[in-house]
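>>> Generate coordinates for the sequence data below:
(one chain, ligands or ions: 3)
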Amino acid sequence: MKQYLSVVVKPTLFCGTDCKHCYHTPDERVPGEISMQTLEKLIRMVSEEYEAAWFIWHGGEPLTLPLSFYKKALELEEKHFGKGSFRYGNTIQTNGLGLNRRLMAYCRQKQINVGVSYEGPFNGVLREGDASKAISSLSDKDNKYSVSATICAETALRQREIYRYFRDRRTDVSLSPVIPAGCARCGGLVPDPDEYVRGSLEAFDDWLHDSEAEIPLIPHYLYMLNYLGDPVPSDCAHTSCLTKWICVNPDGSVYPCAKACPKEFLMGNVNDVGSISELFRSEGFARILEGSVKRREKCSSCAIYDYCGGGCSMDFYHECGLEDNSGDSCRIYKGIFSHVVEETQRILDEKPDMSGYNRFVRDAVVGKLVNPKTVIQ
Ligand SMILES: C[S@@+](CC[C@H](N)C(=O)[O-])C[C@H]1O[C@@H](n2cnc3c(N)ncnc32)[C@H](O)[C@@H]1O
Ligand code: SF4
Ligand code: SF4
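Ligands and ions are numbered 1, 2, ... in the order given. Got it, this is the predicted structure:
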C-alpha cells in the first residue's frame, strides 16, 4: 500500500458569491454536486490503495451544500477506512459565509479542520460577502478555525495590519498572493512582487519580535523550521506535490491540483477508472510531470532549490508557462525565504536575549541550540 494521499474534493463548483480574483470564472461556478455514487467510488479506491488520506472539501463554495451532505460523506469514509481508524482526516475550506454553530459543533465532534478564506479588515477588497457576521455568531467553544488571507495589489502593503488583526483574535493566519488565473487574469489584482515581499516581511518582522504572539505566521514560520531542520517540504507550493495530491470535480473528473487546472492536465474520471494509480498513468499527468521536470532542471543551480523544490507548477503555468521559472512566485519566494533565513541565522550566531521574540521562534531556535538534531515542528 502507498502511504498517503491528499484528496481535494470540489463537491460543487457553485458559489453564491463572486470574488474579484477567483481562479474559477463565473461560467465554471455553476450549480450541480458530486453524486454519492462517484464519491463512494473515490473514497473506496483511495482506501484500497493508500494507508491514509486527507480529504479537503473545496470548490466553488463547499458550504452551499447542506450539513447532511458532509454527514453522508463522513459515513462513507468511516465505512471504507474504518471508523476511528486514524486513516483519514478532513478539512473544509470555505469563504466563511455559511458558518454556523451547528456546523462548527459537528466539525468539532468529527475533528474536521475548518479553513476560512478571509482578509479581516480588508475582506471587502476582493470579496462580496461579509464573513465577520457568521464568524461573530459562533460561540467561543466553536470558534476554532484557521484563516487563509489572499493578498492582492491593494493589500500587498497591508499585510502587517492583517497579521495584527488575526493575532489580536488568536486566529492562525497564512498569507498568499493572488495568481493571474481565471478572473484575476485582468483587473490589476495581482500584487507587484517587490511590494508583496515588502509587505510580507513587514508582517514577519512584526511577528518575529512580538513576544505576545500566540499564533504562528504562515508560511514564514514553516520556512524557518525548514531552515532549522533538514530541508523538508514546507507549504503546498514548495512540496513535490505531483503524485501526492489529486483534485476531484463534481462530475468525477480528476486533476493534479486544486488551482485552476486546464484540460491538458486532466487525469481521467473517477467513474471510468479502476484505481487511483490508473489516473497517475494518464497522458494529462505525464504532461504536467514532464513540464515540471523541465522547469526544475532550470532551477538546478539555485542555491535554495533544496528548500523551494522549484515552486508550484500551477503558479508558474499561469505566470509564465509551466517549463519556465521566471515568474513572480520565484521572486517572491527568494525575497521572503532569504530574509527569514538571515534573521534566523543572526539569532543562531548572536544568541540574543530571546525574551523579545515570539514563543514559536524561541522554542524552535532554543531547541536547535540545545540539540542541533532536534527541531520543534
Ligand atoms: C477557490 S476557493 C474555494 C473554496 C472557498 N470558496 C473559499 O473561498 O475558500 C479557495 C481559495 O482559493 C483562493 N483563490 C481563488 N482565486 C485565487 C487566485 N487567483 N489567486 C490566489 N488564490 C486564489 C481563494 O481566496 C480561497 O482562499
Ligand atoms: S474564492 Fe471561493 S468564495 Fe470566492 S468566488 Fe471563488 S469559490 Fe467563491
Ligand atoms: S527560488 Fe526560483 S530558481 Fe530557486 S528553486 Fe525556487 S523557483 Fe527555482
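>>> residues in contact with the residue in the stretch 201-350 of the chain that ligand 2 sits nearest to?
The stretch 201-350 of the chain approaches ligand 2 most closely through Ala260 (10.3 Å), counting by Cβ to the nearest ligand atom. The C-beta positions use only the backbone N, C-alpha and C, and glycine is treated the same way. Listed by Cβ atoms under 8 Å, 6 or more residues apart in numbering, the contact set of Ala260 reads 23-24, 181-182, 314, 318.
>>> likewise Val341?
Val341 sits next to 223, 227 when contact means Cβ under 8 Å, 6+ apart.
>>> for it, helix, strand, or coil?
What DSSP: H, G, I helix; E, B strand; the rest coil gives for Val341 is helix.
>>> returning to that earlier point: tell me the one of the contacts of Ala260 nearest Pro256?
For these, the minimum distance to Pro256 (Cβ to Cβ) is 8.4 Å, reached by Met314.
>>> Look up which helix or strand that closest one falls in, please.
Assigned by DSSP states H and E, Met314 belongs to helix 313-319.
>>> For that helix, the averaged confidence score.
Helix 313-319 carries an average pLDDT of 96.
>>> again with stretch 225-244
Averaged over stretch 225-244, pLDDT sits at 74.
>>> Same check on stretch 339-354?
When pLDDT is averaged along stretch 339-354, the result is 94.
>>> May I have it as CSV, with CA atoms only?
Extracted C-alpha coordinates of stretch 339-354, given in CSV (Å, rounded to 0.1, in the frame of the first residue of the first chain):
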residue,chain,number,x,y,z
HIS,A,339,15.1,37.3,4.8
VAL,A,340,13.7,34.6,7.1
VAL,A,341,17.0,32.7,6.8
GLU,A,342,19.1,35.8,7.5
GLU,A,343,17.1,36.6,10.7
THR,A,344,17.2,33.0,11.8
GLN,A,345,20.9,32.7,11.3
ARG,A,346,21.5,36.0,13.0
ILE,A,347,19.7,34.7,16.1
LEU,A,348,21.7,31.5,16.0
ASP,A,349,25.0,33.4,15.7
GLU,A,350,24.4,36.2,18.1
LYS,A,351,22.3,34.3,20.7
PRO,A,352,20.4,37.4,21.8
ASP,A,353,18.1,37.6,24.7
MET,A,354,15.2,35.6,23.4
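>>> ok, it near ligand 3 or not?
No - on the criterion Cβ under 6 Å from any ligand atom, stretch 339-354 is out of touch with ligand 3, staying 12.2 Å away.
>>> and the chain, which of its residues are near ligand 3?
Applying Cβ under 6 Å from any ligand atom, one finds that the chain approaches ligand 3 through 299, 302, 304-305, 308, 310-311, 325, 330, 333-334.
>>> Format these as CSV; extra columns: neighbour count, distance to ligand 2 and secondary structure.
Converted to CSV, the residues of the chain next to ligand 3 look like this (neighbours: other Cβ atoms under 10 Å; distance: Cβ to the nearest ligand atom, whole Å; DSSP: H, G, I helix; E, B strand; the rest coil):
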residue, neighbour count, distance to ligand 2, secondary structure
Cys299, 15, 29, coil
Cys302, 16, 31, coil
Ile304, 17, 30, coil
Tyr305, 14, 31, helix
Cys308, 24, 26, helix
Gly310, 21, 26, coil
Gly311, 22, 22, coil
Asn325, 21, 26, coil
Cys330, 23, 24, helix
Tyr333, 24, 23, helix
Lys334, 16, 27, helix
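>>> now the helices for the chain?
36-49, 67-81, 101-109, 123-126, 131-136, 159-168, 193-208, 220-228, 276-280, 283-298, 305-308, 313-319, 328-350, 359-370 (DSSP state H).
>>> in the longest one, what counts as buried?
Pointing back at helix 328-350 there. 328-330, 332-337, 339-341, 343-344, 347 (16 or more other Cβ atoms under 10 Å).
>>> residues in contact with the residue in the stretch 51-200 of the chain positioned nearest to ligand 1?
Proximity of the stretch 51-200 of the chain to ligand 1 (Cβ to the nearest ligand atom) peaks at Ser117, 3.2 Å away. For Ser117, the contacting residues are 93-96, 127, 147-150, by Cβ under 8 Å, 6+ apart.
>>> go again using 6 Å as the cut-off
95, 148 (Cβ atoms under 6 Å, 6 or more residues apart in numbering).
>>> do the one 4 residues further on as well
Neighbouring residues of Pro121 by Cβ under 6 Å, 6+ apart: Tyr165.
>>> That one and Ala149: what is the separation?
Distance from Pro121 to Ala149, counting by Cβ to Cβ, to the nearest Å: 11 Å.
>>> Do stretch 303-319 and ligand 1 come into contact?
No - judged by Cβ under 6 Å from any ligand atom, stretch 303-319 makes no contact with ligand 1; its nearest approach is 8.0 Å.
>>> same deal with stretch 326-334?
No - residues of stretch 326-334 contacting ligand 1 under Cβ under 6 Å from any ligand atom: none, with a closest distance of 10.6 Å.
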